[in-house]
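Visitor: Curious how this folds, go ahead:
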Amino acid sequence: MEFAIGTVIALVALAVSWVALEWQKRGGTLKRVHYTAYYELLALQRDEDAVESLISGPISVNLEPSGRRLILPLVFELRLANTGKAPITKDDFSSPLTVRFGSHCNFMGGSMEVNRGSISEFFGDNPFELDQGCLRIKPFLMNPGDEVTLSGILNGPVDDDGIEVSGRIAGVETFGRLKPKGDGIHLNVNVRSMLFERMEDWPATGRVEAKVLAIQKFLPLDDIAPGAMEGHFSTRFNGVPVRDMHTVAFMLTAHSDGTADVNDGSIIFEVTDSCFLNCEVILDGVELSEQRARHLVLWSEKKVTIRSRRIGRSQNLVVRLITEGGVEDLRITKQPTSVTDVQIMRTQVVEDPLGRNLLDMQPRFLLFSQRAHRKLNMDMPRMKNLMQRGREIKTRILHGD
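Guide: Okay, the predicted model is just below:
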């Protein structure tokens, strides 16, 4: 009997919590606000060397027109929505809405989008105030269904709890925070031969296997805030602004020693519109000095010559360059007999890098009313104990104890 009563209590507690959740999800609370927040490092490469390069190395992101270097540039998107049944007026706010990024993270600039009307109709004049680690938005009218999207660039690390929105609004118990994506940026990789149009025509690998990898250095700013970032930020290499910066790596592996064939010389790559800015040569995982690198590679702004004949058996050569432009115009102007094909791989950020559809995601338990949420957490230990006792009783019955 005691077990039955405990089970009923547990089921009732679950039912109350579930009804509260469904009631609020269907708009049972007249005033309700949800938000989503998502951020990423602006650079596509996330390894330690890439981050160090942004902090003190040759590659940088700068705030214009001052040219101020950003220490840790992050891109973010914040979406705020009135998902209740009643409007939220200016008089409902007891203070500005605060968007907190982190104690060492500052908002550097961006753009605002609204789903209805114009920004001035939403906010009026001068609606924002900047403070250390946060952005404050003055009281404004939000009708049911209104959405506001803020995109931009931050400088510095976001706090462990992520980007948070807080404030006091009459009739709103809590800000529902929807769970953001947790799988990071998606890239598409396209692989093709530089010499053959059809895959069935690709030949067997020659003495030297050659591949090219082209990858963007930064997330495309236009995808974050279309047209709004132009002129406000620059990406630079050694202090010189570079648009559409890429890393292009030529990777060659020798499967046997070189021959005396006079046609087994160098392979030459050239570009017309793009530009090679810097070159690193790595042989078997060790970066070569400039003098040793010239024994294997010669390069200029428009041409890279790799002396493939000098690569010995089982050696791996990587020629890594910083480029302006995505080298879509890359072509082979000289091909040695040792290289039968060159496959090029290009990466591209898939659409929606910052999760513009975040509001379509499933809500977290923050959509409970505070009372129901407290009751569920208070009852949870008791429910677990009752379930454990139920398992013990079942075991005794089965074993005749």
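Visitor: what stretches of the protein score poorly on pLDDT?
Guide: Residue ranges of the chain with pLDDT under 70: 1-29, 173-174, 176-184, 222-231, 351-401.
Visitor: what about 80?
Guide: 1-30, 46-50, 171-186, 220-231, 258-263, 350-401 (pLDDT under 80).
Visitor: Show me the helices in it, by range?
Guide: Assigned by DSSP state H, the helices in the chain fall at 2-25, 48-56, 119-123, 221-224, 290-294, 370-399.
Visitor: Just give the number of residues close to residue 305.
Guide: Residue 305: 19 surrounding residues under other C-beta atoms under 10 Å. Placement of C-beta: from N, CA and C, glycine included.
Visitor: Same check on residue 46?
Guide: Other residues within reach of residue 46, judged by other C-beta under 10 Å, total 11.
Visitor: how much space is there between it and residue 187?
Guide: According to C-beta to C-beta, to the nearest Å, residue 46 stands 12 Å off from residue 187.
Visitor: And residue 118, by the same measure?
Guide: 35 Å.
Visitor: more neighbours, those two?
Guide: residue 187 (14 against 8).
Visitor: Any idea what the nearest residue to the more buried one once chain neighbours are set aside is bridged to?
Guide: Nearest residue to residue 187, sequence neighbours excluded (C-beta to C-beta, 6 or more residues apart in numbering): residue 347, at 4.6 Å. Here residue 347 shows beta-bridge partners residue 189, assigned using DSSP bridges.
Visitor: Residue 347 reaches residue 216, doesn't it?
Guide: Yes. Residue 347 is within contact range of residue 216, at 6.8 Å (criterion: C-beta atoms under 8 Å).
Visitor: Break down the stretch 201-350 of the chain into its strands, ranges please.
Guide: Secondary structure of the stretch 201-350 of the chain (DSSP state E, counting those that start in this stretch): strands at 208-216, 233-237, 240-241, 245-254, 267-270, 275-283, 286-287, 297-299, 303-306, 316-324, 331-334, 342-349.
Visitor: For residue 59, which of the ones you listed is the nearest?
Guide: The minimum distance between residue 59 and these falls on strand 233-237, with 5.9 Å, by C-beta to C-beta.
Visitor: Give me the helices and strands touching that closest one, please.
Guide: When contacts are defined as 3 or more C-beta pairs under 8 Å, 6 or more residues apart in numbering; DSSP states H and E, strand 233-237 sits against strand 59-63.
Visitor: list the contacts for the residue nearest to residue 187?
Guide: Residues near residue 347 by C-beta atoms under 8 Å, 6 or more residues apart in numbering: 44, 187, 188, 189, 190, 213, 214, 215, 216.
Visitor: Any of the residues you listed buried? List them.
Guide: Neighbour-count burial (16 or more other C-beta atoms under 10 Å) applied to the contacts of residue 347 gives 44, 213, 214, 215, 216.
Visitor: got JSON lines for the strands of the stretch 201-350 of the chain, with distance to residue 162 too?
Guide: JSON lines is the format used below for the strands of the stretch 201-350 of the chain (distance: least, C-beta to C-beta, whole Å):
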{"stretch": "strand 208-216", "distance to residue 162": "25"}
{"stretch": "strand 233-237", "distance to residue 162": "23"}
{"stretch": "strand 240-241", "distance to residue 162": "32"}
{"stretch": "strand 245-254", "distance to residue 162": "28"}
{"stretch": "strand 267-270", "distance to residue 162": "43"}
{"stretch": "strand 275-283", "distance to residue 162": "35"}
{"stretch": "strand 286-287", "distance to residue 162": "37"}
{"stretch": "strand 297-299", "distance to residue 162": "43"}
{"stretch": "strand 303-306", "distance to residue 162": "43"}
{"stretch": "strand 316-324", "distance to residue 162": "32"}
{"stretch": "strand 331-334", "distance to residue 162": "45"}
{"stretch": "strand 342-349", "distance to residue 162": "22"}
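Visitor: which residues touch residue 248?
Guide: Neighbouring residues of residue 248 by C-beta under 8 Å, 6+ apart: 212, 213, 214, 276, 320, 321, 323, 327, 330.
Visitor: Of all the strands of the stretch 201-350 of the chain, which one comes closest to residue 126?
Guide: Taking these one by one with C-beta to C-beta, strand 233-237 is closest: 22.6 Å.
Visitor: out of the strands of the stretch 201-350 of the chain, which comes closest to residue 98?
Guide: Within the strands of the stretch 201-350 of the chain, the stretch nearest residue 98 is strand 233-237; the backing value is 24.6 Å (C-beta to C-beta).
Visitor: Output the closest one as CSV, nothing but the C-alphas.
Guide: Extracted C-alpha coordinates of strand 233-237, given in CSV (Å, rounded to 0.1, in the frame of the first residue of the first chain):
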residue,chain,number,x,y,z
PHE,A,233,36.4,45.6,-39.7
SER,A,234,39.4,44.4,-41.6
THR,A,235,41.4,41.2,-41.7
ARG,A,236,45.1,41.8,-42.0
PHE,A,237,48.3,40.0,-42.7
